[in-house]
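K.L.:
Okay, here's the prediction I keep looking at, along with the sequence it came from:
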There are 4 protein chains.
Amino acid sequence: MTSAGGVVDFEPDEPMLYTFGGGAEPVAMLRPGQVLRTVTEDCFSGAVLTVDDLPSKVCEQFNPVVGPFYVQGAEVGDTLAVHLLALDPAKDWGTSATFPHFGALTATRATAMLHPPLEERVWRYDIDRHAGVVRFHARRSAYTVELPLDAMLGTVGVAPAAGEVRSSIVPDAHGGNLDVPELRAGSTLYLGVNVPGALLAFGDGHARQGQGEVCGVGVECAMRVTLTVEVIKGVRTPWPRIETDRQLMSIGVARPLEDAFRMSQRDLIDWVVELTGLDVLDAYQLVSQAGRAAPGNVCDPNYTMHAAIDTVLLRGAAAYGGVHRRLRQLAGAMW
Amino acid sequence: MTSAGGVVDFEPDEPMLYTFGGGAEPVAMLRPGQVLRTVTEDCFSGAVLTVDDLPSKVCEQFNPVVGPFYVQGAEVGDTLAVHLLALDPAKDWGTSATFPHFGALTATRATAMLHPPLEERVWRYDIDRHAGVVRFHARRSAYTVELPLDAMLGTVGVAPAAGEVRSSIVPDAHGGNLDVPELRAGSTLYLGVNVPGALLAFGDGHARQGQGEVCGVGVECAMRVTLTVEVIKGVRTPWPRIETDRQLMSIGVARPLEDAFRMSQRDLIDWVVELTGLDVLDAYQLVSQAGRAAPGNVCDPNYTMHAAIDTVLLRGAAAYGGVHRRLRQLAGAMW
Amino acid sequence: MTSAGGVVDFEPDEPMLYTFGGGAEPVAMLRPGQVLRTVTEDCFSGAVLTVDDLPSKVCEQFNPVVGPFYVQGAEVGDTLAVHLLALDPAKDWGTSATFPHFGALTATRATAMLHPPLEERVWRYDIDRHAGVVRFHARRSAYTVELPLDAMLGTVGVAPAAGEVRSSIVPDAHGGNLDVPELRAGSTLYLGVNVPGALLAFGDGHARQGQGEVCGVGVECAMRVTLTVEVIKGVRTPWPRIETDRQLMSIGVARPLEDAFRMSQRDLIDWVVELTGLDVLDAYQLVSQAGRAAPGNVCDPNYTMHAAIDTVLLRGAAAYGGVHRRLRQLAGAMW
Amino acid sequence: MTSAGGVVDFEPDEPMLYTFGGGAEPVAMLRPGQVLRTVTEDCFSGAVLTVDDLPSKVCEQFNPVVGPFYVQGAEVGDTLAVHLLALDPAKDWGTSATFPHFGALTATRATAMLHPPLEERVWRYDIDRHAGVVRFHARRSAYTVELPLDAMLGTVGVAPAAGEVRSSIVPDAHGGNLDVPELRAGSTLYLGVNVPGALLAFGDGHARQGQGEVCGVGVECAMRVTLTVEVIKGVRTPWPRIETDRQLMSIGVARPLEDAFRMSQRDLIDWVVELTGLDVLDAYQLVSQAGRAAPGNVCDPNYTMHAAIDTVLLRGAAAYGGVHRRLRQLAGAMW
């Protein structure tokens, strides 16, 4: 269990970090190829333990991230590849909640209305890593049902461009609170680098979430995270992208939702053009018939949607010089 | 090859129908349980044969439908179940196109801008039913690639409520041009009945389409359609719903896209409440973690998104009294 | 008190009309230049008389219109000019209301959420035509205040294109329930003609309304309407336009609201180009600095926004051959 | 020409500031009641001098602001009142432009499409302060026309909450690039204070702009700014608000545009409730009939819309303890 670059075990300290960008000192240095092992707290900063712990009462801040990590060699204009080697819930339970005026089926601060908030309610899920399930327990009846465990990171990002500092609640071009279920073990996330060292941070583990994260909250849990990074020199990545063994995926991050859709489709078309040499309208046509699309979140300050295409349709083209395949092989060598 | 209700073979006549609702005479009567076999023309009314037939030049009207069929016993306040038994492309080719100021990545009549239209271009696909593929040919290079054949009907609907008549281009609560890829063989579509006889009509076959139908056009083809209908008496269905062997699916039909998302999620939650007895917030929570969501089209006068949940999570509940399962058994008995 | 074309006094009959388009027989023929005098019922079909008459309880249908009137000589591809000569509330009171799941600050059928409806409440206003005020009375306190009387028609339209029939609640390219306060006496509304005779209908008088009509309902009142029409032969009008003595105004009719904005701005730019000979980007620039914009309604099935420019900035150009000025002179001659 | 607090003349230094929040040292201290006189550069940082200076070629950064000013006594949870005493264009010309993929009638980074950018073009306006006009010159014809000079500040803001730093291009709850024409001399802007000293900054003077700023750029000009500030202790202001002699105005800042509308309307209703004691639905009703609404910008990273009501309808209620009236009297005493 080793890698070319070695393994860095990082134990997060207090106080936790709640922004991307800004003056926070890097907590550690990562060399490309090194494996980082750490653990992230849940989005409630660990304060919601039982169904009686209402987030609006027990939480002071939301969505802590671990970092920032300074990635050696990452410079403005490069792309950072973050490959998730393993994600394991750190506890045998997770929680979810409705939160006052947050979520897709409630009036919110932005979609302002005259309704009082929906009831704030907490659900506690059992997480069984061996069986690979999370168990839902209804709060107003005895209904329970098992859902597949499908661990993911809700929030992965770097320092934003233009000197901006963004709350860890906000997803945007720098990544951040993307809340897309495809950020699971085996995926590689590509992010444009805006500052020297990129300043990677992440957190917000979900044992699983539905597409769209309609109530605004996944099955939140502390997460053991194993990841590695690479730097693709001199290649810009305007919006977050994800590669899996089977698919390329562009993430649109915007309000309204049609703009997140448009962004993701446009970026995927550009990517297909680059990888296949297709004319842009030919790529538009191919994506129109072969593409997949789904929302990540429709609740955060920006919504996310992905546009995806099966790699096999690109006839062997390898994104970013094949970095995903190399990182997968590394993963295979480790376990 | 028969059914309890018998088989109706219907040969469509000229002139074609381009609206849902209005005074068009029913073309035939359908009894619940009867099997209807017919063929639909493509959305170009068959006028696009080669890549040189630009739709804006050769088409006078778009999206013809076959019908209306008067469904015996269907009354206002009932639900019509339309079960797709088989969909087979009627020819060994299909076409797609960009169309001036239509699609998701172009200025349109509604999203009005100052850009001239994108180039109008036609693609012609080979359809190989035996191999189960459609072959894409790029127009500006020699690139070709095979995509899975995944035949679907873009447009299925009934007469709208409130005396309205809608163009066959428009999707809304009455169904119509939904353009959701899940309308494939084996699926049951549920639509609320607004007028006596429901007045079912359908067309717009696609050999396949991507999620979101980003360029505005699928792989359009004439389609042999085999379907059957049932009437669920006294049960209202506010928005289109689809049932497959594995999933329940609510279709939101609206602009903007977040409203299509909200509608679909809200309707699915209501459906889950009805089928499981869960409290509404418990159902909200379950759908938030277990739900799937994707766009059908993001190009038509109303956009569509589905919200879906695996039937297995509902612990045996049977939607609409189990009509989908019965119709599937009928299908099994036929072939 | 006469006009070149004479005066038609029309007394509306039962049953009332609730759609634009469809097979309804014309109620009368109008010759261009004739003056039509009639009275429209309020949007509650006259059923809300006191603050205890909740619309959801006492109304069966909403938004009756008077018509359709067959305009002699109006053919497909022409423009109908509807000039409002006088609008006078027919009673000394009007009503408004919140309505369950209707309005901009509540969950609605389209913006579906999990909130129960806001309280349904009726307000009754005094209308004093001589003083030119409407008096608001709060329902939960003794607060009253006078607002300027500013009578307008919420709904004016013709038969839609493409054989569609639309509910009188819906605004779209054919006009209909536009709910823009600028449809007051002295204004000329331009609508494209889609069927022979245009089939004009109107109703939904408001003693006044705010911009955006945020609760979904104006100060609704029966209205004495005096109007006249002209036909501009061979000139198409894609979206509703309004001319006043001071301004030209294009109406965008769409969801989402940014599309209503875009439509209106784009149409105004096209109009300015046509009237001034400016290059399109020069017109874009002029409208960007000189234009006015405001919402009509943000509550109906389509939203409306206007884009306006002062006629004086167009250096003497006369829209539609100066028809507005001629109709104003006619009005001057009549009173 | 003096005030209770005296006058601070501030000469801005290089380098210019392009963010709200972050570690920038305050450039000066302001005491409540003091009058600040300074000059702001135009949004092109002064680099566009002629119609041949294309912004995408000659500008490195956009929208410089002057500041931050530390306001003595301003603490988290207070409201800062910024009263604009005078705005005078510093030069006798201003410029505007189309900018690639920026504006409401073009594909943009967020509303991503496949269109190439519109032509980038610069317009140069004459500004005549004595005549009170700006003169538009078309670029592709000899057309010229005079528009009223109506000087305003596009960008006024404070440090954001939650440790965020935002580009000066972005409007949000902290103010920033609001681009609402009502920020003219005689207006008071209210902003919630998020950090000690508030850290006020401003710039982006426009000789005028249309409502919605449809091309994305006003008549940009260097501006002499005279303003004064007050601190309203212990009163929170969630969204920017403006008071004029005649109106109260809430500014919604969001995408999509309907959310900016909803926010502004909701905030105005809350404000009316607070000032009149009306029940919330009574206030909703009053605003529905008496309210005005218009867009500020529909082009920036967040759109702005205002909701306004005439102060006279509030029967003597004085917002924020009458601070606007006191500051107007100060202004009167000064000149």
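P.N.:
Yep, that arrived.
K.L.:
Now stretch A:110-130: buried residues?
P.N.:
Taking 16 or more other CB atoms under 10 Å in any protein chain shown as the basis for neighbour counts, the residues of stretch A:110-130 that come out buried are A:110-115, A:117-118, A:120-127. (Glycine included, C-beta is placed from N, CA and C.)
K.L.:
Just the terminal-to-terminal distance for it.
P.N.:
41 Å (CA to CA, to the nearest Å).
K.L.:
got it, and stretch A:269-282?
P.N.:
As for stretch A:269-282, its first-to-last residue distance stands at 9 Å under the measure CA to CA.
K.L.:
check whether it contacts chain B.
P.N.:
Yes - contact between stretch A:269-282 and chain B is present through A:269, A:276-279, A:281-282 (criterion: CB under 8 Å from any CB of the partner chain).
K.L.:
Equivalent analysis for stretch A:151-164, please.
P.N.:
No - on the criterion CB under 8 Å from any CB, stretch A:151-164 is out of touch with chain B, staying 11.8 Å away.
K.L.:
Now do that stretch: distance to the chain's middle.
P.N.:
Distance of stretch A:151-164 from the chain centroid (CA atoms, centre = their mean, to the nearest Å) equals 8 Å.
K.L.:
what's the answer for stretch A:100-120, then?
P.N.:
Relative to where its chain is centred, stretch A:100-120 has its mean C-alpha point 24 Å off (CA atoms, centre = their mean).
K.L.:
try stretch A:222-234
P.N.:
12 Å.
K.L.:
now stretch A:9-26
P.N.:
On the basis of CA atoms, centre = their mean, stretch A:9-26 is displaced by 17 Å from the centre of the chain it belongs to.
K.L.:
ditto for stretch A:319-334
P.N.:
The gap between where stretch A:319-334 is centred and where its chain is centred comes out at 19 Å by CA atoms, centre = their mean.
K.L.:
Give me the pLDDT value at the closest residue to A:Asp78 other than its chain neighbours.
P.N.:
Spatial nearest neighbour of A:Asp78, excluding adjacent residues (CB to CB, 6 or more residues apart in numbering or on different chains): A:Val193 at 4.4 Å. The score at A:Val193 is 98. That number is its pLDDT.
K.L.:
And A:Trp335, by the same measure?
P.N.:
The predicted local confidence for A:Trp335 comes out at a pLDDT of 61.
K.L.:
And A:Ala4, by the same measure?
P.N.:
Reading off the model, A:Ala4 has pLDDT 55.
K.L.:
and if you look at A:Val65?
P.N.:
pLDDT, A:Val65: 97.
K.L.:
Next: the one 10 residues further on.
P.N.:
If you check A:Glu75, the pLDDT there is 98.
K.L.:
what's the helix or strand for the closest residue to it other than its chain neighbours?
P.N.:
The shortest distance from A:Glu75 to any non-neighbouring residue, by CB to CB, 6+ apart, is to A:Pro196 (5.8 Å). Applying DSSP states H and E as the criterion places A:Pro196 outside every helix and strand.
K.L.:
How many residues are close by the residue nearest to A:Asp78?
P.N.:
Neighbour count of A:Val193, defined by other CB atoms under 10 Å in any protein chain shown: 28.
K.L.:
Same check on A:Val48?
P.N.:
By the measure other CB under 10 Å, the count of residues near A:Val48 is 24.
K.L.:
so what's it up against?
P.N.:
When the contact criterion is CB atoms under 8 Å, 6 or more residues apart in numbering or on different chains, the partners of A:Val48 are A:42, A:55, A:58-59, A:95, A:97, A:122, A:220.
K.L.:
So which of those are in helices?
P.N.:
Members of the contacts of A:Val48 lying in helices (criterion: DSSP state H): A:55, A:58.
K.L.:
By neighbour count, which of the contacts of A:Val48 wins?
P.N.:
A:Asp42 (28 neighbours).
K.L.:
Against A:Asp126, how distant is the spatially closest residue to it that is not a sequence neighbour?
P.N.:
Distances taken as CB to CB, 6+ apart place A:Glu220 nearest to A:Asp42, at 4.3 Å, with adjacent residues excluded. Here the criterion is CB to CB, to the nearest Å. By it, A:Glu220 lies 14 Å from A:Asp126.
K.L.:
got it, and A:Val158?
P.N.:
Applying CB to CB, one obtains 34 Å for the distance of A:Val158 from A:Asp126.
K.L.:
for A:Gly205, same thing?
P.N.:
Distance of A:Gly205 to A:Asp126, given as CB to CB: 16 Å.
K.L.:
and what of A:Cys221?
P.N.:
With distances taken as CB to CB, A:Cys221 is found 11 Å from A:Asp126.
K.L.:
just to revisit the earlier point, from what I see, the residue nearest to A:Asp78 and A:Ala74 are in contact.
P.N.:
Yes - in this structure, A:Val193 is within contact of A:Ala74 by CB atoms under 8 Å, at 4.8 Å.
K.L.:
Which neighbours do those two have in common?
P.N.:
Counting by CB under 8 Å, 6+ apart, the residues touching both A:Val193 and A:Ala74 are A:80, A:231.
K.L.:
And the contacts of stretch A:158-167?
P.N.:
Applying CB under 8 Å, 6+ apart, the set of residues contacting stretch A:158-167 from outside is A:18-22, A:63, A:68, A:80, A:172-176, A:191-195, A:198-201, A:301, D:18-19, D:21-22, D:162-167.
K.L.:
can you rerun that using 7 Å?
P.N.:
Counting by CB atoms under 7 Å, 6 or more residues apart in numbering or on different chains, stretch A:158-167 makes contact with A:18-22, A:68, A:80, A:172, A:174-176, A:191, A:193-195, A:198-200, D:19, D:22, D:162-167, all of which sit outside it.
K.L.:
Show the buried residues in those residues.
P.N.:
For those, burial is judged from neighbour counts taken by 16+ other CB under 10 Å, and it is met by A:18-22, A:68, A:80, A:172, A:174-176, A:191, A:193-195, A:198-200, D:19, D:22, D:163-167.
K.L.:
Run a quick neighbour tally on A:Leu330.
P.N.:
By other CB under 10 Å, 18 other residues sit near A:Leu330.
K.L.:
Show the model's pLDDT score for A:Leu36.
P.N.:
At A:Leu36, the pLDDT recorded in the model is 97.
K.L.:
Is it bridged to anything, and to what?
P.N.:
Partner residues in beta bridges with A:Leu36: A:Val8, A:Leu227, with DSSP bridges as the criterion.
K.L.:
Nice, that's everything, thank you.
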